[in-house]
Every structure is written in structure tokens, then in C-alpha cells.
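K.L.:
below are the sequence and a predicted model for it; my questions follow.
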Amino acid sequence: MSEWREQIVGRFVPNVARVTAVSDPDGLLRDPGVFQAIQGKGFAILQFEDSVSFRFDYESRFRSKWDQGEGLELVVVFKPGEHEFATLPIDVLANAQRVSFNLKDIFPRLSYSVVSQLETVHFDALYQAQQQYASQAHDEAQTRAFVLRHVFGIEPSVIKNVSDLLRMLFQRHYKKSNVPVMLDEYLEASLRRVGEFQSWPLNLILRNRAAFWEFLEERWTIFVRQSGEFAERVKEQSPPLKYLGPELLPFDHDDVRSYVENLFKDGLLTPVEWDGAVDRAWMKIGLVGNQTGNTELRFEELYRDLSGLCPQVNEPPQSWLTFAFRYAQSITSWTQLSPLRRSKYLSDFSEMRRAVNQHFLDWLLNNYGGLFNYPASSPLMVHHIPGFISHEISTKACERAAFVLIDGLSVDQWLIIKESFKGQRWMGSLEENALFAWIPTMTAISRQAAFSGKIPRYFAETISRADRDESGWRQFWTDRGLARAETQFLAINGDAGDHATIADLNAAQIRVLGLTIYKIDKIMHGMQLGSIGMANQLRTWTEEGFLRSVITLLLSRGFDVFISADHGNMEAVGFGRPKEGVLSETRGERCRIYPDAILRKGCLTAFPDTIPWDNLGLPERLSVVLAPYGKAFTESVSPLICHGGAALEEVCVPFIRFHS
């Protein structure tokens, strides 16, 4: 454990007080490492956010057990300004130990106004740098430079030419580094002092990954054309540029080329249609002259090294959310290969996917338990979505928001949708991220969480129902002061006729819209042709233009559009159905849910490869068994498209934002 975490965890000593009340202005106890370390010492942790949820947890999980003589120790955490010690319930605060933590105590030599803008995932690097390099107090400007250098690896003073600037932008956006706005303002001001960068749209391409990819795509087209026999006609053939700046970029520079190749491999840049000669072999991955050859080249480049690039068990959750897109791109490319080519790679590709998912499962077993505790302003899980939207509205980052949940959409299927959008000459700007779904990845669990903004423990009574999304969505916004007329919810299949339903909304009154689209889930559960058939049907649906037209309509009415899913899906084959009779409450194809741990023992004994799953965010009465990777609790020997388990394809889902 890092030293800064030890400073916090060391303050919690067992057998001192039944309740420890913690004032946590900077969300330090939301860090998964801190959260799990305190739990490891025998404490349970509750965030005091609203009195109703807190009272439910307190009475059901603690008060009743104390009355029975159990020696549970509870940590109650609140954020000052929203709550204070005096606002905690009297019966909770009585005889409680009171503790406070503050970033100023951990980073005393750095400016609080800067450090408080960082996510806790960056504190390890910052703490080590403070110990080594900050021998005296730093003011705000000095701290900005210090954080950029030691946390994000950016030294503005050494960025002197175009290749330097591009390398910094590649590294930043490829790693999806979330740099606070105040640091970006400092960085932009520093870069503007270099005359060569005066015309660059730094305010856009520094902050917005999607804008930087588009900026590159525009210049890649020009670069390809000028590299062949038509160099003299570059300007005549180039479409108008959306982004200011130089027309030609040094894509063939040694410091730039490797990044460009990776961006094409991962599908972040769109290859250019080109029938001319290419004298530089490395450029082929960014061309579509031979569609079959290009697809196979991209697939080979992607899948070969994926298992070796998996995040390690001690890496932060953002590493897996980033990796999920590269992994998904390999699956998308796989579905585009010819049957003959797929047979050539089948064994190796299947083994790579199993290896990746074993790494992912190892990581989940060590880290998943603390993810739900993260603040919604830095979303990691699907139940953070309403809170994140609320944060964006309250900070004026958007005026109106539409949350579109596409039931069952995996990251690789999102990539198919995005590819189709580009083919339809989509001109919108989007931000791509990913989130973790709730495990087990069942609709009734993860979708309720996504719309209600609550962890499943707080809707235990409706945990098996799929008709509570609207009430959860409306309640979330009512609790935040919105009138009923300002909140709307719709659930549609996603057929052409549904467009009129959305168009008829009285959008002038609506501040937040929740929308479920069932199409992919319906395709999934009727699919008999495996992942290839699923991909083909999805392409057909996307090319019909329904989703694009819905997004366009909502954007035209001033909504920022957020797209995500309750879970993904994967191809699996049956390995037998447990004969548990009526004991299993939910017969998911990739999971079994029992009312207690005793009843699930029979399944674990009969199917020794299965995985017992316990998580603090689930209701206590749920006892879950997950199928191993690629397997389903059925007798079917034909491949199914299903969900419920803990595979990367099921757990990591897209989180996409379109700006109005």
C-alpha cells in the first residue's frame, strides 16, 4: 500500500468504537485502495449521502445485528458542506469516534486548489514526486507545472516543434488522461508562446479526444494524397478543413508514425479510400484500397499482442476501461474477416480471448469491490451515470441531457455503430469512454442501477424486476429538485416508427430524458448464428439510420446525448444446466442467483469451474454463481449470444457523449 493511503488507513484501529464518523471533504475514502484496506481491517463503510438510503442500510445491516450481539464496526463517511457531524442522526453519532481527513495533510507542500482537482488514481505518482522533488512549498503556478510534469508526463518547455506537440497529444489521448481544466489552461498558455502553434486549435484538441482524432483524420487524407503521384493536386482534392491549423502533418516522423499505426489498429482513425500506389509500407494500415487485405492486416496487428498488453492486477480501473476498446476492436475486425480467414485464426484468437479474460477476472476479484464507491463526477460504473449528468448540469457543462441506454450494447458493437455513422457522413462530435456494469450482468440489476443512480443493495425488493427504470429515473431527479414536467422517460424497440414517438415529445419543458432502446437485446436473444450473425444484424439495423436520426434530433433540440448500456454480451456454448429445481431465483444463461450461500453449494459442487461471486453492493440475500468464460448454463451445443457473467465483453460497456 502506498504511503499516502497508509496515513489514512492507519487511523482506523479495531475495537476502539462501534461507529467512526469521518469528515471527508476530498473523497479520500472513495479511493478503492483506501476503501478496501479499511474493509480489510474489519470495518464496514457507509457513505452518508441521503438519509433514506443510509437509514435502510444502518437498520438492516448494522443495528439489527448489534441488537443480536454481533461486534460489527461501522465507518460513516460524509462530505462537509453537504453534511456535518451535527447533521448525522443522533443515535449514530452517540459515542462515535470523530475523524477528519484532508488533502492538505497529505500534500502539504503543494497548492490545495490544484491537487483537489485530481482524481485519487493520480495520487500515488504525485505523492512520490512530492517526497523526491518538492523540498519547499509550491504556489499555485508552481504546482500546476509540478503536476503536469510528474503526474501527466508533460513538460511544456520542451515542446518546441510539431512532432513534440503531436507526441504529447498522442500520449495523452491514447491513455485517456483526464487532465483538469485549470492544468489545460496553463498548458495552452505555455504552448501559445511558441509561434509555430499560434494557428493550432489547442483549446479543442487538448481537451477533446474526439476533436483530436478528427483533426488527424483531416490531415491524414492530405498526407496520403501528397505521398503519391498526385502531389500537385493536393489542395484541389482536399475537402474544407473543420479544424484550423497546418494542412500537412509529419505522420512519417519516427516519433509520430508508431502512434498513428496504433490509432488505425484500434479503429480510432478511419482509413482513407485509396487506389493509388503506396511507396511506404507502414501506411497500408491507414488505407482501404483492398478492403479484405486491410481488414486482415488490422486484425493481425491487433490480436497478436493483446494478451501481453493486459493491465496488471494492481493497475487502476481506468486501465481496463481503456484496454476494453482495443480488445473490442479485435472482435469487430474478427467479424469482418471472410469465413476462410476466420478459420485460419480461430484457435489462436480464441486462446487470446481466454487469456485476456483470465487476467480480467483476476483483476475483478482484487479490485471490483471498491469501484461503486467512486464519486459520480468521475464515473466508473453504470449507476454513476445519473449523478454524472447531474454534475454536468449543475456545473453548466450542459443545459439539457438525454441518457440513451441501449439494452445489451457491448463495446465491440458500439464500434460497429460508430463505423456506420462515419459511412453515413456523420459530422457530430463525440467523446468515447467506458464503464463497468454491475455483476451479475443481468438487465434487472444493472439497468435499474443505471437509471436510479443507486447500487443494487438499495433496490433489493425489486432486484428481479425489469419494469422499474422509469420510477427510478424520475425519483433520482425529483430528489435533485426537478419538477415532474422537466423529467421524461421512454422505452422503445428502436424501429423506424419509434422516431415519431421521440419527435412528439414536448422538448421545451424537458431538462433530462431517459430513453431505453431494446433492439440489440431483442436481436441478441433471437440470435442463432453466433457473434458473426449478431454483428451482421447490428450493421443492418444501424445502416437503416434510426439511431443516427434519434441522436441528430435530440442534439438539434439542445440536448447533450449520453449513450451507454446495462451490460454487454458474448458468444457462449452450453456446459449443462444445474438441476436445482426451484432453488435458483434467476436462471441466467451466464449466472445463477440463489437466495443464500448454502443453496448455491450444489451448483458449485456439480460445476467446479464456476465462480462464486460476492459483492458488497449487492443485497445480502443474493448468492451468485458465474459461468466460466465462454460457457453458459444450458444444454445447447450451438453458440448462444448471452450475458450475466464477468467477461470483459459483458462487464465493460461504452459510455459515449455527443455534444449539442
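P.N.:
Alright, I've got the coordinates.

K.L.:
got any ranges where this protein has weak pLDDT?
P.N.:
Applying pLDDT under 70 to the chain flags residues 1, 228-239, 275-279, 289-294, 423-428, 580-588.

K.L.:
and it, what are its domains?
P.N.:
Annotated domains of the chain cover 3-103, 248-364, 377-568+649-658, 572-644 [automatic domain parsing].

K.L.:
what packs against the longest helix anywhere in the chain?
P.N.:
The helix that spans the most residues within the chain, counting by DSSP state H, is helix 339-367. Helix 339-367 sits against helix 291-303, helix 317-336, helix 648-651, with contacts defined as 3 or more C-beta pairs under 8 Å, 6 or more residues apart in numbering; DSSP states H and E. In this view, the C-beta of every residue, glycine as well, is placed from N, C-alpha and C.

K.L.:
beyond the shortest one, next helix or strand please.
P.N.:
The one in question is helix 648-651. The helix or strand immediately downstream of helix 648-651 is strand 652-658, counting by DSSP states H and E.

K.L.:
return the distance of that following strand from the chain's centre.
P.N.:
How far strand 652-658 lies from its chain's middle: 7 Å, per C-alpha atoms, centre = their mean, to the nearest Å.

K.L.:
and stretch 114-129, by the same measure?
P.N.:
Here the centre of stretch 114-129 is set off from its chain's centre by 20 Å, with C-alpha atoms, centre = their mean.

K.L.:
go on, stretch 465-473?
P.N.:
Worked out by C-alpha atoms, centre = their mean, stretch 465-473 lies 22 Å from the chain centre.

K.L.:
so for it, what gets flagged as buried?
P.N.:
Of all the residues in stretch 465-473, those buried under the rule 16 or more other C-beta atoms under 10 Å are Ala466, Arg468, Asp469, Glu470, Gly472, Trp473.

K.L.:
out of those, name the ones that lie in helices.
P.N.:
Counting by DSSP H, the buried residues of stretch 465-473 contribute Asp469, Glu470, Gly472, Trp473 to helices.

K.L.:
redo those residues as CSV? Include distance to Asp521.
P.N.:
Below are those laid out as CSV (distance: C-beta to C-beta, whole Å):
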residue, distance to Asp521
Asp469, 13
Glu470, 17
Gly472, 18
Trp473, 18
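
K.L.:
looking at those residues, which is nearest Ser100?
P.N.:
Taking C-beta to C-beta as the measure, Ser100 sits nearest to Gly472 out of those, at 33.6 Å.

K.L.:
quick one: the strands in the stretch 101-250 of the chain, in order.
P.N.:
Here the stretch 101-250 of the chain has no strands by DSSP state E, counting those that start in this stretch.

K.L.:
make that the stretch 451-600 of the chain, sorry
P.N.:
Secondary structure of the stretch 451-600 of the chain (DSSP E, counting those that start in this stretch): strands at 487-492, 512-517, 559-564, 570-574, 586-587, 591-594.

K.L.:
any idea which of the ones you listed gets closest to Asp184?
P.N.:
Nearest of the strands of the stretch 451-600 of the chain to Asp184, taken as C-beta to C-beta: strand 559-564 at 19.8 Å.

K.L.:
who does that closest one pair up with?
P.N.:
Paired strands of strand 559-564, with direction, are strand 400-406 (parallel), strand 652-658 (antiparallel) (DSSP bridges).

K.L.:
and of these, who's closest to Trp220?
P.N.:
Using C-beta to C-beta, the strands paired with strand 559-564 put strand 652-658 closest to Trp220, at 22.7 Å.

K.L.:
in stretch 412-423, what's buried?
P.N.:
Within stretch 412-423, the residues that count as buried by 16+ other C-beta under 10 Å are Asp412, Gln413, Trp414, Leu415, Ile416, Ile417, Lys418, Ser420, Phe421.

K.L.:
next: stretch 131-141.
P.N.:
Applying 16+ other C-beta under 10 Å to stretch 131-141 flags Ala134, His138 as buried.

K.L.:
pull up the distance across it, start to finish.
P.N.:
End-to-end distance of stretch 131-141 (C-alpha to C-alpha, to the nearest Å): 19 Å.

K.L.:
got the contact list for it?
P.N.:
The contact list for stretch 131-141 (C-beta atoms under 8 Å, 6 or more residues apart in numbering) reads Glu3, Pro108, Arg109, Leu110, Ser111, Ser113, Val114, Phe146, His150, Tyr186.

K.L.:
stretch 479-491 now?
P.N.:
Identification of contacts with stretch 479-491 by C-beta under 8 Å, 6+ apart yields 50, 390, 451, 469-470, 473-474, 477-478, 501-502, 505, 509-516, 518.

K.L.:
on that earlier part again, now the domains of the chain as JSON lines including distance to Lys176?
P.N.:
JSON lines is the format used below for the domains of the chain (distance: least, C-beta to C-beta, whole Å):
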{"stretch": "domain 3-103", "distance to Lys176": "18"}
{"stretch": "domain 248-364", "distance to Lys176": "5"}
{"stretch": "domain 377-568+649-658", "distance to Lys176": "7"}
{"stretch": "domain 572-644", "distance to Lys176": "25"}
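
K.L.:
and of these, who's closest to Asn161?
P.N.:
With C-beta to C-beta as the criterion, Asn161 lies closest to domain 248-364 of the domains of the chain, at 9.0 Å.

K.L.:
start to end distance for the closest one?
P.N.:
Its start and end residues considered, domain 248-364 measures 44 Å (C-alpha to C-alpha).

K.L.:
now that domain: how far from the chain's centre is it?
P.N.:
On C-alpha atoms, centre = their mean, the centre of domain 248-364 falls 20 Å from that of its chain.

K.L.:
and what of stretch 196-208?
P.N.:
Distance, centroid of stretch 196-208 to centroid of chain: 26 Å (C-alpha atoms, centre = their mean).
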